[in-house]
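Visitor: have a look at this prediction, sequence included:
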Amino acid sequence: MEKNKTGKYLKYAIGEIILVVIGILIALSLNNWNENQKLNKTRNQLIQDLKVELISAQERIEPVIKQTDAQVEKSKLYFTHLESKENFVPSDSLRSWLTYILSGAPYDLELPTYEEAKSSGRISLLNNKEILLGYSNLLVAAQGHQLHRKIGAEMWYLGSTWEMRSEIGGKRVLTKTDPNLPEKLILSDHDYREFLTNPSSYAAIENANNMTRTTGQYLNRMNNALKEIVILLEKEVKKK
């Protein structure tokens, strides 16, 4: 200060401060860049894992949809010929079609990757409302499918389908010409058709068929949602 060098030292100090600040900003920028890189890597891996999971779900659901579609088609033949007063078909044909109506087509939607990402908060990395809405639609359809499967199971074991089976002697009597059945359970064509056309049996089979149709509709909704989400995830990858 005695030599009047205060200004020079102030300039030096300010320059040092500026350099420190610039160094801090550069360090922060590098740190943010590294964090963003990590987040992008995590996000891309999540997208890839979700795609694999959804495609696997599609591969499992499509054969079930085909089976359900076959059940619906066979049910049309069953009711058309059962109700016909002119074109009588053998009881073996009715039994064959009835086998489809009374067969189950189970499917469980499994999304462990999505559930883990949701519970951990990683799902927020997607930051895409369309994808989240797609998952919401998928899960709503899955809930509807599970509910109707449960109702169908209750009908089979406790409800109208069970009452019909217990009245005639079981599913084998309804769907097979089985020589190993007890003689009392082997029905003539006339008696078999009479049983199928009585009000309680007709209503029970119609209920079973309606449940198959409804679960099939939910399966198709699920499959459409699966396809839609995969497309949206692929678009997310292309954005980067």
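Guide: Done, it's in.

Visitor: from memory residue 39 sits against residue 125, does it?
Guide: Yes. Look at residue 39 against residue 125 with Cβ atoms under 8 Å: they come within range, at 6.6 Å. (Glycine included, C-beta is placed from N, CA and C.)

Visitor: who has more neighbours, these two?
Guide: Per other Cβ atoms under 10 Å, whichever of residue 39 and residue 125 has more neighbours is residue 125, with 16 against 11.

Visitor: quick check, the more buried one in contact with residue 49.
Guide: No. Using Cβ under 8 Å, residue 125 is not in contact with residue 49, being 11.7 Å away.

Visitor: which neighbours do these two share?
Guide: Residues touching both residue 125 and residue 49 (Cβ atoms under 8 Å, 6 or more residues apart in numbering): none.

Visitor: ramachandran coordinates for residue 66?
Guide: phi -60, psi -40 (degrees, to the nearest 10).

Visitor: what sits against it?
Guide: Residue 66 makes contact with no residue under the criterion Cβ under 8 Å, 6+ apart.

Visitor: per-residue confidence for it?
Guide: Per-residue confidence for residue 66 comes out at a pLDDT of 95.

Visitor: look up how far residue 220 lies from it.
Guide: 11 Å (Cβ to Cβ, to the nearest Å).

Visitor: and if you look at residue 79?
Guide: 22 Å.

Visitor: go on, residue 142?
Guide: For residue 142, the distance to residue 220 - Cβ to Cβ - is 12 Å.

Visitor: who's more crowded, these two?
Guide: With neighbours defined as other Cβ under 10 Å, residue 142 and residue 220 compare such that residue 142 has more, 21 against 15.

Visitor: tell me who's in contact with that one.
Guide: Counting by Cβ under 8 Å, 6+ apart, residue 142 has contacts 109, 218, 222.

Visitor: how about the helices in the protein?
Guide: For the chain, applying DSSP state H gives helices covering 6-83, 91-101, 112-120, 129-157, 160-168, 171-175, 189-197, 199-239.

Visitor: please render those helices as a markdown table that adds distance to residue 183 to the earlier fields.
Guide: What follows is those, written out as a markdown table (distance: least, Cβ to Cβ, whole Å):
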| stretch | distance to residue 183 |
| --- | --- |
| helix 6-83 | 25 |
| helix 91-101 | 17 |
| helix 112-120 | 52 |
| helix 129-157 | 27 |
| helix 160-168 | 14 |
| helix 171-175 | 12 |
| helix 189-197 | 13 |
| helix 199-239 | 21 |
